[in-house]
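*Asks:* give me a 3D structure for the following:
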Amino acid sequence: MSDAVLTEEDGGVLVITINRPEAKNAINADVAKGVAAALDVLDSRKDLAVGIITGAGGTFCSGMDLKGFLKGEMPFVEGRGFAGIVERPPATPLIAAIEGYALAGGCEIALSADMIVASSEAKFGLPEPKRGLVAAAGGLMRLPKRIPFHIAMEMSLTGDFYGAEQLAAYGLINRIAEPGKALEAAKELAAKIAENAPLALAATKKIVVESASWAPEEMWAKQNEISGPVFVSKDAQEGPAAFAQKRKPNWSGE
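*Replies:* Model (predicted):
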């Protein structure tokens with residue numbers, strides 16, 4: 001991973017930081033490649049149960065690097081799309097920790113996460129129409145599934161900025177933190193999740209995400225395909241044993 005993306009391990013949590021504060025963490029090719037590489041690590045390591053994606057320098061992400069775009073630079077990774085995440089988020093649970101602005105592609109990165117923790121001063125928006133562009137990195141598809149349809153339509157068509165408190169009232173944000181404390185609050189949430197078995201977490205996320213498109217006649221079979229291997233795993237033996245012995249479980253991810 002390049003200096004454009006930094007990673008830090010904290011227990012079973014991998015913190016991924018977009019590190020271009022001088023450009024308000026705008027996404028260029030280096031960032032996209034770095035995020036994709038970090039997500040590959042997150043999904044490949046049995047000892048990592050949760051990821052957090054955030055931005056350096058007091059802002060999350062201002063979107064695509066428009067100067068780079070005008071030069072022909074494309075901040076995409078094959079198989080993962082814009083910013084190395086929007087088309088294929090990680091299988092591992094992911095939290096977005098938002099300070100400052102999460103705009104355009106930055107908002108779409110946040111929408112790629114499973115949970116959002118935001119500073120009370122954070123601002124979200126899809127201002128692409130103001131630039132003659134379209135929010136084509138998943139925002140127009142994901143936003144109406146997360147907040148009321150008419151609010152999502154207004155947000156998408158006006159390109160205006162919306163505050164964290166307002167979007168929390170619509171259910172988009174899990175936790176509101178004091179300014180400067182979004183990452184700390186995200187780590188607290190991640191730590192609670194990381195106490196649980198990694199295999200169970202990944203299977204749970206997969207079912208929640210994919211079941212929205214399952215037909216009623218197939219949903220139980222599809223759920224069993226995902227959950228079945230978890231019930232015969234080593235961790236499925238360890239969990240009840242630890243409960244019976246009144247001790248903390250030692251998850252192996254197997």
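
*Asks:* for the rest of this, base every contact and every neighbour count on C-alpha atoms.
*Replies:* Fine.

*Asks:* which residues does the nearest residue to Phe82 once chain neighbours are set aside contact?
*Replies:* The spatial neighbour of Phe82 that comes closest, neighbours along the chain excluded (Cα to Cα, 6 or more residues apart in numbering), is Phe76 at 4.3 Å. For Phe76, the contacting residues are Ala29, Ala32, Lys33, Phe82, Ala83, Gly84, by Cα atoms under 8 Å, 6 or more residues apart in numbering.

*Asks:* what sits against the first one?
*Replies:* In this case it means Ala29. The contact partners of Ala29, taken as Cα under 8 Å, 6+ apart, are Glu73, Met74, Pro75, Phe76, Ala83.

*Asks:* what about Phe60, neighbour count?
*Replies:* For Phe60, the count of nearby residues is 34 (other Cα atoms under 10 Å).

*Asks:* over to Arg175?
*Replies:* The local packing count at Arg175 equals 20, with neighbours defined by other Cα under 10 Å.

*Asks:* and it, bridged to which residues?
*Replies:* Beta bridges link Arg175 to Val117, judged by DSSP bridges.

*Asks:* how distant is the longest helix seen in the chain from the center of its chain?
*Replies:* Looking only at the chain and at elements set by DSSP state H, the helix with the highest residue count is helix 29-44. In terms of Cα atoms, centre = their mean, to the nearest Å, the centre of helix 29-44 is set 13 Å apart from its chain centre.

*Asks:* now stretch 146-166
*Replies:* 19 Å.

*Asks:* can you give me the buried ones in it?
*Replies:* Judged by neighbour count (16 or more other Cα atoms under 10 Å), stretch 146-166 contains these buried residues: Ile147, Ala152, Met155, Ser156, Leu157, Gly159, Asp160, Phe161, Tyr162, Gly163, Ala164, Glu165.

*Asks:* so how far is Ala164 from the fourth one?
*Replies:* When you say that, I think you mean Ser156. When distances are taken as Cα to Cα, to the nearest Å, Ser156 and Ala164 turn out to be 16 Å apart.

*Asks:* give the contact list for the closest residue to Gly171 other than its chain neighbours.
*Replies:* Sequence neighbours aside, Ile147 is the residue nearest to Gly171 in space, at 6.3 Å (criterion: Cα to Cα, 6+ apart). Residues counted as contacts of Ile147 (Cα under 8 Å, 6+ apart) are Tyr170, Gly171, Leu172.

*Asks:* so which of these is the most crowded?
*Replies:* In terms of neighbours by other Cα under 10 Å, these top out with Leu172 at 20 neighbours.

*Asks:* which one of the contacts of Ile147 is nearest to Ala118?
*Replies:* Closest to Ala118 out of the contacts of Ile147 is Leu172 (10.1 Å), distances taken as Cα to Cα.

*Asks:* thought the closest one was touching Asp114?
*Replies:* No: distance between Leu172 and Asp114: 10.3 Å, which falls outside the contact criterion (Cα atoms under 8 Å).

*Asks:* which residues are contacting the helix or strand of the chain with the lowest mean pLDDT?
*Replies:* Across the helices and strands of the chain, mean pLDDT, DSSP states H and E gives its lowest value to helix 66-70, namely a mean of 83. With contacts defined as Cα under 8 Å, 6+ apart, helix 66-70 is touched by Asn28, Met74.
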